[in-house]
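>>> sequence and predicted model, in that order:
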Amino acid sequence: MIENDTNMQTNGQDTENGKDMPNINADENMAGTNHLNDALADDSAQDKKQQELDEMRDKYLRLIAEFDNYKKRTAKERIELMQTANKEVIVSLLDVLDDSERAAKQLETAADLNAVKDGVMLVFNKLKSTLQNKGLKPMESLHTDFNPDLHEAITEIPAPSKDLQGKVVDDMQKGYYLNDKLIRHARVIVGK
């Protein structure tokens, strides 16, 4: 009978009254289990979010470091490019410099003025062709309309003819393009 009483208590039945009695311990066990499961789920979700946050922070830090390295590398490459670009121009002008030095020595002892003029013109033409090969192009300004984007007006004088009003009358300093980009404005006198 003791065994029967134990079975009845575990089933939640009261044998004396014949009524079914709820098992209080079962509800507490279920509530505790649900609460425990919710806490474990919250912890695992929080751990997962923390892991994602750590991964994003790591990616962000790596991206910043990579960008800093990129900036340093491009700055170094830019400096090297400028140095080598200048080197190329200077090397091409060394021949002209050598010719100029030879012409200067000849000027000291030369008696023939025409020979000196021819030598100076050869050096000048060599310099001009070397610079043109590097992309330098002179601006043609004389008798063109004054353009403030291309010309720097030094002064205005009365135009010698009516068709030269508002046009460049004299070119005091030539303007130049380097590979079709303006690098020096022409200094001009404009007719009014």
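Noted; the coordinates are in hand.
>>> next SSE after the helix ranked longest in the chain?
Looking across the chain with DSSP state H, the single longest helix is helix 24-109. Next along the chain after helix 24-109, taking DSSP states H and E as the criterion, comes helix 113-133.
>>> ok, and what's touching that following helix?
S92, L93, D95, V96, D99, S100, A103, Q106, L107, A110 (Cβ atoms under 8 Å, 6 or more residues apart in numbering). Where C-beta positions appear, they are placed from N, C-alpha and C, glycine not excepted.
>>> from S100, how far out is the second one?
Meaning L93. Noted for L93: a distance of 10 Å to S100, by Cβ to Cβ, to the nearest Å.
>>> hey, what's the residue nearest to H185 when sequence neighbours are not counted bridged with?
With sequence-adjacent residues excluded and distances taken as Cβ to Cβ, 6 or more residues apart in numbering, H185 is closest to E152, at 4.5 Å. Counting by DSSP bridges, E152 is bridged to R187.
>>> so what's E152 up against?
Counting by Cβ under 8 Å, 6+ apart, E152 touches H185, A186, R187, V188.
>>> between those residues, which has the most around it?
Neighbour counts for those, by other Cβ atoms under 10 Å, peak at V188, which reaches 26 neighbours.
>>> is it true that that residue touches P148?
No - shown here, V188 and P148 do not form a contact pair, counting by Cβ atoms under 8 Å, at 10.7 Å.
>>> give me the below-cutoff pLDDT ranges for the protein.
Within the chain, the segments meeting pLDDT under 70 span 1-37, 39.
>>> swap the cut-off to 90 and go again
1-45, 79-93, 95, 99, 102-120, 134, 159-166, 180, 192 (pLDDT under 90).
>>> ok, back up a step: which of the contacts of E152 lies closest to P138?
Nearest to P138 among the contacts of E152 is A186, at 9.1 Å by Cβ to Cβ.
>>> kind regards, and thank you for your time.
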